[in-house]
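Asks: predicted structure and sequence below. I'll ask about it afterward.
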Amino acid sequence: MPNLRGAFTEARTTSSLNEVRNDTGRVAFCGPYVLSAVTGYSISKIEDVIREGRQLPKSSRTIVKGTYTEEVASALAAFGFRMLPVASFMHLERKQRPTLWTWMQKPRNAWAHYILAIHKGKEGHWILVKGVKMCDTFTEGRWTFVCDGPHRGCRIMEIFEVKRDLDV
């Protein structure tokens, strides 16, 4: 994927939590939602970067439904972020993997963004956690307390920490 850092001149990084801006006029999915919350850019810009990474024609307006870890990491890199693996529980059976709630009880950096791949039903789902708040499609891009959120009992597949890429 090409380096697009210079293509996005409007800085969106703030010390507060970015709410997702779904400017597509339709339903968007978890990958673009999480990326929008981290970067502060709209869902349409996020989807454009993902489509470009998939080498779809610029005229393509295909809805970005499912995203792989590599696609999320690549899109974050295009906006100047790194996604670092923290933990993987894929080697464990589903019932033995920690829940979101048990993970929240463990020490971690309260100022960092964490992207979690969780089980939601029979499918995978991306959520974003910072401190004691979370954001995803189920919260419609708004930050809510994890204890009030819909995913407390969901099993975690993988955890990634998101950091600004300072090698700009």
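Replies: Cool, the structure landed.
Asks: and the most centrally placed residue in the chain, what pLDDT?
Replies: Closest to where the C-alpha atoms of the chain average out (Cα atoms, centre = their mean) is residue 34, at 3.0 Å. Residue 34 is assigned 96 on the pLDDT scale.
Asks: what do you get for residue 66?
Replies: pLDDT, read off for residue 66, is 89.
Asks: what number of residues are in the vicinity of it?
Replies: Look at residue 66: counted by other Cβ atoms under 10 Å, it has 10 neighbours. Using the backbone N, CA and C atoms, a C-beta is placed for each residue, glycine as well.
Asks: isn't it right next to residue 29, touching?
Replies: Yes: contact criterion Cβ atoms under 8 Å: residue 66 and residue 29 qualify, at 7.2 Å.
Asks: which neighbours do the two have in common?
Replies: The contact sets of residue 66 and residue 29 do not overlap (Cβ atoms under 8 Å, 6 or more residues apart in numbering).
Asks: quick one on the thing from earlier: now the residue nearest to the centre of the chain: which helix or strand?
Replies: helix 30-39 (DSSP states H and E).
Asks: where does the chain have low pLDDT?
Replies: Counting by pLDDT under 70, the chain has low-confidence residues at 1-15, 168.
Asks: regarding the spatially most distant residue from the centre of it, what is its secondary structure?
Replies: Distance to the chain centre peaks in the chain at residue 59, reaching 24.9 Å (criterion: Cα atoms, centre = their mean). Classification of residue 59 using DSSP: H, G, I helix; E, B strand; the rest coil returns coil.
Asks: report how many residues lie close to residue 22.
Replies: Residues lying near residue 22 (other Cβ under 10 Å) number 18.
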